[in-house]
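> Got a predicted structure here, sequence first:
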Amino acid sequence: MSISASDVRGWIARYADDVAEHRAELVKLDTAIGDGDHGTNMDRGMRKAVEKLDGLEGGDIAALLKAVGMALVSSVGGAAGPLYGTLFLQMGTASTGREELDLAGWANALEAGVKGVQARGKAEPGDKTMVDALLPAVAALRDAEQDGAALDDALRRSADAAEEGMRATIPLEARKGRASYLGPRSAGHQDPGATSSWLLLRTLAATAGA
Amino acid sequence: MSISASDVRGWIARYADDVAEHRAELVKLDTAIGDGDHGTNMDRGMRKAVEKLDGLEGGDIAALLKAVGMALVSSVGGAAGPLYGTLFLQMGTASTGREELDLAGWANALEAGVKGVQARGKAEPGDKTMVDALLPAVAALRDAEQDGAALDDALRRSADAAEEGMRATIPLEARKGRASYLGPRSAGHQDPGATSSWLLLRTLAATAGA
Amino acid sequence: MKKLINEPDAVVREALEGIEAAHGDLVRVIYEPAVIVRADAPVQGKVGIISGGGSGHEPMHGGFVGRGMLDAACPGEVFTSPTPDQMLEATKAVDGGAGVLHIVKNYTGDVLNFEMAADLAKDEGIEVEAVVTNDDVAVQDSLYTAGRRGVGITVIAEKICGAAAEERKSLAEVAELCRTVNGQGRSMGMALTPCVTPGSGEPSFELADDEMEIGIGIHGEPGRYREKLGPASEVVDRLATAIVEDLPFESGDRVLAFVNGMGGTPLIELYVVYRELNRFLEGRGITIERRLIGNYITSLEMAGCSITLLKLDDELTRLWDAPADTPGLRVC
Amino acid sequence: MKKLINEPDAVVREALEGIEAAHGDLVRVIYEPAVIVRADAPVQGKVGIISGGGSGHEPMHGGFVGRGMLDAACPGEVFTSPTPDQMLEATKAVDGGAGVLHIVKNYTGDVLNFEMAADLAKDEGIEVEAVVTNDDVAVQDSLYTAGRRGVGITVIAEKICGAAAEERKSLAEVAELCRTVNGQGRSMGMALTPCVTPGSGEPSFELADDEMEIGIGIHGEPGRYREKLGPASEVVDRLATAIVEDLPFESGDRVLAFVNGMGGTPLIELYVVYRELNRFLEGRGITIERRLIGNYITSLEMAGCSITLLKLDDELTRLWDAPADTPGLRVC
Ligand SMILES: Nc1ncnc2c1ncn2[C@@H]1O[C@H](COP(=O)(O)OP(=O)(O)O)[C@@H](O)[C@H]1O
Ligand SMILES: Nc1ncnc2c1ncn2[C@@H]1O[C@H](COP(=O)(O)OP(=O)(O)O)[C@@H](O)[C@H]1O
Ligand SMILES: [Mg+2]
Ligand SMILES: [Mg+2]
Ligand SMILES: [Mg+2]
Ligand SMILES: [Mg+2]
């Protein structure tokens, strides 16, 4: 079992729906420790990403992922735009020439993407950012690989790891992004970007699982 | 029995206290159908009037009343400043050369004052202004004169007439001043200027009665 | 009441001290009685122009004192007309021998106090003309009201008359010009929220979350009626229709369009309002030849806006474009 | 949410249409991607200066496009940094062959998007320098934060660098000047009320009737801490002390003092604040040589203010005084 180009299209379409559905919730989280636009930004960006893919023929996974990245960069703005944009652009580059991604291939792609996010945003684990959801997800994929787990099982485990990482942001004091301006007042709130990242991986697990 | 210069001083001092005490209430009335400053304006003006009298020697009633008028004109502002200022300036002129005012003398003075208010503001009875409290007070004084009533009794009757006139402004639609901008919405509220005029006459009755 | 002030009773005086400290190059401040005077007043041979009114409408009027606009302004207490002695002081301070124009907004308090001041000034031998502005179409001009209020057109009249005075036009000419501007101008305003005066500490009226107040004045008075809050396009349609049909403004007219913020409405919204006004007037064949957008005649922190239209001709346009250098309005 | 708008999602675009209709003589508006460009751009041989950021801070930045200030501004969605393609479009539109300066406020979003844009512009052979402003002393500049926010000094840097560019200073010189201004400037802000973005419809934070939020940014973020609201003198003492001691500003220094309204605070209160600031600085032997008072970098309808001080020298003063002709700031 593996991730095909149509799986990617389905994943992006479903994620756009999930973001729209959780838009208000993401805004609320960002209002508490930021400026209240994360939900709006991601919703606007994912709608553009879906449009972009609809206008794109063919089964080149790298092309699809890069198209999503470009759409996010040019429509999301804020911190999340360049960061999610880079995530997808790097995943695309890492998948060049692949017709489909097996567990190892997907793990490599996601790892490259998260490396890109960190290179751009300079966030370390524990800084209370999307990285706190993304890095555990990569680690979980690697463990699953070790265990020779099936792809769908591995995706579920990476989504669970992301959820755990997201919840772990609650007590943290932010050290990156807008929330860091609050200092101690940022503790006790869940990071919006970590939340949208968990949603991203949960949706993929659901898509592949289906 | 008659109104002496020291009665006038006592009246003005007590009225200043009454206005300070009712400042918030006058503001509230003016907020409903005006701009919410009548209490503040009258309070500021009466404090100045008291200062002015404290700095003024002697027992010339006309001089005292004119001094109050000048103080009000130069410190109250708004519609009430020129109107109450004119009221006292005209009362002063009408009392020229008098060491004290008997009932007839006071009736003449108040009548002259109200004439001045009407000449300046062009308000007719029923326009929902201070005139609706002042004119009945003059009429009541004249009646009392006819009945050969005592001064203190006459003053009480003129204060009662002013109160009645004040209450009668409640159902009226304002045709003068700021309240007239509200049209029908001005009905159902008591006029702030009529209220401060009633207070003025009530205080005089109380002063002379004491 | 949440305000950046010290003592409520000291607001006007302390703001004057701030203005004096900030704009000493343009204006001079007199405190007893309170007057803001152009630094180089009196300008010999020039008609002096003064205005005044309650405070809380800043930058009007004090912010418009300077070359090309007012020679002096009399700030009253918040929302309270100033007193005759302030106006007399201002009149004497700006009389350069060519007489003094009093621009008076039509409110009973302003009119009565300016009347007393004009009498006193004439007693002192100063030639004075008073023009009363009354451009607010929200008020019926009838025997049953104090007449239409003076609102947005006052700012425009101060600019245009100021330019004419700089050209050494006579008092009669400047006064006539002021009447012309007032006669060709109309305004109407609305509010999304009330305001709170330092003196009262209470909201000037109550308004539900989905309501707006139409036909408000500039003193936090309630308006003519309230309605459900609609989109900006409807609000503009409502105000502009009343304005355009009152004068009336007709197809082919060239206008100065003034979108004024009441104080608490963000500039981004005023530009949305201007967009709607521009579309509205285009639809009626009326051309916006000049415009002014921003907070110029305010009601403290009230959220809302007013629209003012002035029918232009070449002369009025030329005078509008003439240089002005004041803290509140600059034309280079 | 009470706003003079149509569709929340359409606010930025419709405001741009209003700006285009109002200021066509000064600026040109591009819609896809959204950029406000100086009407006569690119000016051959002149360094182009662009800035950008979320909308809701008007007049910043779009209101500062024009002769003597910015060549272009990129408006993002409300409180959301614009995107690299907007910045690339702006950079190309204003490049007159002398290179382009990006003035970037220090927010993660602004910095990351401008970084991507600069890379893309360089790929197209345009010389770009970026200067990040970070004058907000409310934020500790440490490894544990995204660093200090760029606030009030940004407006001043745009004015001063704009003047230098008009004098045909080189990109390196203008960029260095921008660093100098940022280095000699400090700011801090406070809020009496939150603001409501059209997108969220909810207040950005809750504040009791007797509380104020100290150390706020310009995006409705909560501040560093909240306190009981005191008199203006205390508020100013609080902000100015933090500012003065940070640089530090010392006795004998000459400064530009910028009292900025967050949007919902009446001008009369800003003058009271200026009065207090003037007294505070006098007390420390610091001379206010130039000043700016008003709503220039706002947070929608938020009530509150920020104070910015810039240490001046003759050259900076001369450039501050140089002519500028923009919708939001005019120097004659
Ligand atoms: N330097 C960074 N590295 C990684 N993620 C970051 C960084 N800065 C911010 N983020 C993420 O971005 C999210 C905020 O995104 P968003 O609200 O859309 O942008 P903005 O903060 O500009 O309004 C935060 O919750 C955080 O997860
Ligand atoms: N033309 C007028 N004639 C007589 N009294 C008037 C007139 N206009 C207003 N008033 C009185 O003045 C009162 C309002 O005074 P005040 O609030 O101090 O002035 P303003 O209306 O200018 O704020 C009204 O309640 C009314 O009684
Ligand atoms: Mg955000
Ligand atoms: Mg009143
Ligand atoms: Mg009043
Ligand atoms: Mg944002």
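Structure received. Just so it is clear, the structure is predicted and the values come from calculations on it, not from any experiment. Ligands and ions are numbered 1, 2, ... in the order given.
> Can you give me the pLDDT of the residue of chain A positioned farthest from its centre?
Within chain A, the residue lying farthest from the chain centre (Cα atoms, centre = their mean) is A:P184, at 26.4 Å. For A:P184, the model assigns a pLDDT of 90.
> For it, which non-adjacent residue is spatially closest?
Computed as Cβ to Cβ, 6 or more residues apart in numbering or on different chains, the closest residue to A:P184 that is not its neighbour in sequence is A:E173, at 6.0 Å. C-beta: built from backbone N, CA, C; applies to glycine.
> who's in contact with that neighbour?
A:E173 makes contact with A:128, A:183-184, A:186-187, D:144, according to Cβ atoms under 8 Å, 6 or more residues apart in numbering or on different chains.
> By neighbours, which of the residues you listed wins?
A:K128 (28 neighbours; other Cβ atoms under 10 Å in any protein chain shown).
> quick revisit: which SSE is the residue nearest to A:P184 in?
For A:E173, there is no helix or strand it lies in under DSSP states H and E.
> For it, give its distance to ligand 1.
Distance, A:E173 to ligand 1, using Cβ to the nearest ligand atom, to the nearest Å: 14 Å.
> Give me the buried stretch members for stretch C:77-97, please.
For stretch C:77-97, the neighbour count (16 or more other Cβ atoms under 10 Å in any protein chain shown) marks C:77-96 as buried.
> and the residue of the stretch 51-200 of chain C found nearest chain D, helix, strand or coil?
Closest to chain D within the stretch 51-200 of chain C is C:E58: 3.9 Å, counting by Cβ to the nearest Cβ. Following DSSP: H, G, I helix; E, B strand; the rest coil, we place C:E58 in the coil state.
> surely it meets D:I268?
Yes. Assessed by Cβ atoms under 8 Å, C:E58 is found in contact with D:I268 at 4.9 Å.
> Would it be right to say that the residue farthest from the centre of chain A lies in a helix?
Yes. Under three-state DSSP, A:P184 sits within a helix.
> circling back to that earlier point, tell me how far the residue of the stretch 51-200 of chain C closest to chain D lies from chain A.
When distance is defined by Cβ to the nearest Cβ, to the nearest Å, C:E58 is 30 Å away from chain A.
> ok, now which ones touch the closest residue to that residue other than its chain neighbours?
Spatial nearest neighbour of C:E58, excluding adjacent residues (Cβ to Cβ, 6+ apart): D:L267 at 3.9 Å. By Cβ under 8 Å, 6+ apart, the contact list for D:L267 reads C:58-59, C:63, C:295, C:298, D:261, D:293-294.
> 7 Å instead?
C:58-59, D:294 (Cβ atoms under 7 Å, 6 or more residues apart in numbering or on different chains).
> just checking, which of the buried residues of stretch C:77-97 belong to strands?
Those of these mapping onto strands are C:77-78, per DSSP state E.
> Go back to the buried residues of stretch C:77-97 and keep what's next to ligand 5.
Near ligand 5, judged by Cβ under 5 Å from the ion, the entries from the buried residues of stretch C:77-97 are C:79-80.
> Out of the buried residues of stretch C:77-97, which are close to ligand 2?
When contact is defined as Cβ under 6 Å from any ligand atom, the buried residues of stretch C:77-97 meet ligand 2 at C:80-81.
> what residue ranges in chain A score low on pLDDT?
A:209-210 (pLDDT under 70).
> That one: helices as residue ranges?
Under the criterion DSSP state H, helices of chain A are mapped to A:5-21, A:23-33, A:38-54, A:61-73, A:80-94, A:103-121, A:131-146, A:151-168, A:192-209.
> Pull the number of nearby residues for residue 185.
No chain was given, so I picked chain A. If we define neighbours as other Cβ under 10 Å, then A:R185 has 19 of them.
> wait, chain C
Counted with other Cβ under 10 Å, C:G185 comes out at 25.
> The one 4 residues further on too?
Residue neighbour count, defined by other Cβ under 10 Å, stands at 27 for C:G189.
> same thing with A:V50?
18.
> Now do stretch A:37-44: everything it contacts.
For stretch A:37-44, contacts defined as Cβ under 7 Å, 6+ apart pick out A:19-20, A:22-27, A:29-30, A:75-78, A:80-81, A:192-193, A:196, D:77, D:79-80, D:197, D:199.
> For it, output the C-alpha coordinates as PDB.
Listed next in PDB are the C-alpha coordinates belonging to stretch A:37-44 (Å, rounded to 0.1, in the frame of the first residue of the first chain):
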ATOM      1  CA  ASP A  37      -6.100  35.300  12.000                       C
ATOM      2  CA  HIS A  38      -4.600  31.800  11.700                       C
ATOM      3  CA  GLY A  39      -7.900  30.100  10.800                       C
ATOM      4  CA  THR A  40      -8.800  32.800   8.300                       C
ATOM      5  CA  ASN A  41      -5.300  32.600   6.800                       C
ATOM      6  CA  MET A  42      -5.200  28.800   6.400                       C
ATOM      7  CA  ASP A  43      -8.800  28.700   5.100                       C
ATOM      8  CA  ARG A  44      -8.000  31.300   2.400                       C
END
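> could you pull out the helices for chain C?
Using DSSP H, helices in chain C cover C:11-23, C:84-94, C:108-123, C:153-166, C:171-183, C:232-246, C:267-283, C:314-321.
> Could you single out the most deeply buried of those helices?
Mean neighbour count (mean count of other Cβ atoms under 10 Å in any protein chain shown) peaks for helix C:153-166 among those, with a mean of 27.
> Show me what that helix is in contact with.
The contact list for helix C:153-166, computed with Cβ under 7 Å, 6+ apart, reads C:46-47, C:49, C:51, C:60, C:64, C:68-70, C:101, C:103, C:105, C:133, C:135, C:173-174, C:177-178, C:181-182, C:185, C:187, C:256, C:258, C:296-297, C:308, C:310, C:316, C:319-320, C:322, C:324, C:329.
> Could you tell me which of these count as buried?
Buried, going by 16+ other Cβ under 10 Å: C:46-47, C:49, C:51, C:60, C:64, C:68-70, C:101, C:103, C:105, C:133, C:135, C:174, C:177-178, C:181-182, C:185, C:187, C:256, C:258, C:296-297, C:308, C:310, C:316, C:319-320, C:322, C:324, C:329, out of the contacts of helix C:153-166.
> taking those one by one, which sit in strands?
Per DSSP E, strands hold the following members of the buried ones among the contacts of helix C:153-166: C:49, C:51, C:101, C:103, C:105, C:133, C:185, C:187, C:256, C:258, C:308, C:310, C:324.
> I'd assumed C:I103 was in contact with the second one.
Pointing back at C:S51 there. Yes. Counting by Cβ atoms under 7 Å, C:S51 touches C:I103, with 4.3 Å between them.
> Return the alpha-carbon coordinates of stretch C:110-127 using CSV.
The C-alpha coordinates for stretch C:110-127 follow below in CSV (Å, rounded to 0.1, in the frame of the first residue of the first chain):
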residue,chain,number,x,y,z
ASP,C,110,-23.2,78.9,19.8
VAL,C,111,-25.5,81.4,18.2
LEU,C,112,-26.5,83.2,21.5
ASN,C,113,-22.9,83.4,22.7
PHE,C,114,-21.6,84.7,19.4
GLU,C,115,-24.4,87.2,19.3
MET,C,116,-23.5,88.6,22.6
ALA,C,117,-19.8,88.7,21.6
ALA,C,118,-20.6,90.5,18.3
ASP,C,119,-22.4,93.2,20.2
LEU,C,120,-19.5,93.6,22.6
ALA,C,121,-17.0,93.8,19.7
LYS,C,122,-19.1,96.4,17.9
ASP,C,123,-19.2,98.4,21.1
GLU,C,124,-15.4,98.4,20.9
GLY,C,125,-15.5,99.6,17.3
ILE,C,126,-14.6,96.4,15.5
GLU,C,127,-16.5,95.6,12.4
